[in-house]
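Trainee: Sequence below, structure please.
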Amino acid sequence: MSGATAPATGELHALARRTLTVTGVVLATLLLFLLVWQALEVLLLLFAGLLFAVLLRVPSTWVSRLTGMPEGWSLSLVLAVLPGASAATAWTVGPDVAREGQALASGLAASVGDLEERVRAYPSVSRAIDEVQRFYADGIPRMWSRLGGMGATVLGGIGALFVALFVGIFFAFNPRLYLDGLLRLVPLPRRPRACEVLARVGHTLRGWLLG
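Mentor: Residues are numbered from 1 along each chain as shown. So this is what the prediction gives:
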């Protein structure tokens, strides 16, 4: 009986180990998912900063190749020129866009007024329009109460934009430092393959941004 009991006990121990292993893997996966979910905004900010860094590195690399300047100086030149170029573009295109927007708004207002006059010829439709207008008139106070929350959301978005810009500038000035730090998380035998994958990802991101 003892010989038959020993294999049964061993099988129970093996089954218990497998059960504990599977349970541990499932719990670790759930914990990792929860951590990623909680840090999702931070990860999105880092990704936005990475895209901005790639966007800065493309023209700075061109400037460095054309002028022979060090990459740090060429990147500084791009950062100095970028606000002026953006402001010049907004100054050049902005008035035309504003005029087109005003013309579109005026045309839509006239079209809506003409449509309202036409459909009010039908009593049932006219009553429905009055009900809709009354509903919106009653809902204006509630709308104003929600504007505070919308303003906080807008301010939060502006703050996140500035954080992404600063992260992108830091990434752009010394990308090798952060790439080496990321590669330290990869086992030594896998690092050449990881370098190749990161190079392809960078090339794809540059092409996507240019496109």
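Trainee: From now on I want contacts and neighbour counts done on CA atoms only, so please keep to that.
Mentor: Fine.
Trainee: For this protein, name the helix or strand with the lowest mean pLDDT.
Mentor: Least confident helix or strand of the chain, by mean pLDDT, DSSP states H and E, is helix 123-173 with a mean of 68.
Trainee: any idea what sits nearest Ser173, other than its immediate chain neighbours?
Mentor: Rather than Ser, residue 173 is Phe. Gly72 (6.3 Å; CA to CA, 6 or more residues apart in numbering).
Trainee: Quick one, grab the pLDDT at that neighbour.
Mentor: In this model, Gly72 is scored at 79, pLDDT.
Trainee: circling back to that earlier point, now the element after the least confident helix or strand of the chain, going C-ward?
Mentor: helix 175-183 (DSSP states H and E).
Trainee: any chance you could map the strands in the protein?
Mentor: Assigned by DSSP state E, the strands in the chain number zero.
Trainee: could you pull out the helices for it?
Mentor: 2-38, 40-67, 71-119, 123-173, 175-183, 191-210 (DSSP state H).
Trainee: Quick one: residues contacting the most centrally placed residue in the chain.
Mentor: Central residue of the chain (CA atoms, centre = their mean): Leu44, 4.9 Å from the mean position. For Leu44, the contact set (CA atoms under 8 Å, 6 or more residues apart in numbering) is empty.
Trainee: gap between Gly72 and Thr23?
Mentor: 50 Å (CA to CA, to the nearest Å).
Trainee: who's more crowded, these two?
Mentor: Taking Gly72 and Thr23 together and counting by other CA atoms under 10 Å, Gly72 has the greater number of neighbours (15 against 12).
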